[in-house]
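Trainee: structure, please.
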Amino acid sequence: MSIETISHNNQLYPLLQSQGFAAQYAWPFAKKICAGHGLDIGCNRPEWAFPGAQMIDLNFDDNYDAYNLPDNQFDYIFSSHCLEHLPDWVKATAKIL
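Mentor: Numbers count the residues shown, from 1 in each chain. All right, here's what the predicted structure looks like:
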């Protein structure tokens, strides 16, 4: 089986990395352990949000982001390919914990 690739800075990467929605590859495992009331931080758009999770992203007009989460208690937090885009990922991680 061959994987279609794309070139970036003279390096080859799987084409799927350029298409967004990488979270779909983590969903099968996450669906086994993420139950109850949860957050999806950095989902980018509703169709990419973890099923049943409250969506947290700068693209939504709700005053929440990775540094400012709702005060409720949650059973889980799902986030895929988000931390590397934050200017202060340590601060965001501390907020989650």
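Trainee: report the distance from the strand or helix carrying residue 55 to the chain centre.
Mentor: For residue 55, the host element (DSSP states H and E) is strand 54-56. How far strand 54-56 lies from its chain's middle: 10 Å, per CA atoms, centre = their mean, to the nearest Å.
Trainee: the worst-scoring helix or strand of the chain on mean pLDDT pairs with which strands?
Mentor: In the chain, no helix or strand scores lower on mean pLDDT, DSSP states H and E than strand 11-14, which sits at a mean of 86. Strand 11-14 pairs in its sheet with strand 5-8 (antiparallel), by DSSP bridges.
Trainee: what does the average pLDDT come to for the strand it pairs with?
Mentor: Averaged across strand 5-8, pLDDT comes to 88.
Trainee: what do you get for stretch 72-90?
Mentor: Here the average pLDDT along stretch 72-90 is 90.
Trainee: buried residues in it?
Mentor: Residues 77, 78, 79, 80, 81, 82, 86 are the ones in stretch 72-90 that count as buried (16 or more other CB atoms under 10 Å). Just so you know, the C-beta spots here come from the backbone N, C-alpha and C atoms, and that holds for glycine as well.
Trainee: closest one to residue 19 out of the residues you listed, please.
Mentor: The closest of these to residue 19 turns out to be residue 81 (CB to CB; 12.0 Å).
Trainee: buried stuff in the strand holding residue 55?
Mentor: For strand 54-56, by 16+ other CB under 10 Å, it's 54, 55, 56.
Trainee: can you pull the contacts of the nearest residue to residue 72 once chain neighbours are set aside?
Mentor: Distances taken as CB to CB, 6 or more residues apart in numbering place residue 37 nearest to residue 72, at 7.4 Å, with adjacent residues excluded. Neighbouring residues of residue 37 by CB atoms under 8 Å, 6 or more residues apart in numbering: 54, 72, 73, 74, 75.
Trainee: ok, residue 59 next?
Mentor: Counted by CB under 8 Å, 6+ apart, residue 59 has contacts 44, 45.
Trainee: what sits up against stretch 90-97?
Mentor: Outside stretch 90-97, the residues touching it (CB under 8 Å, 6+ apart) are 41, 66, 67, 68, 69, 77, 83, 86.
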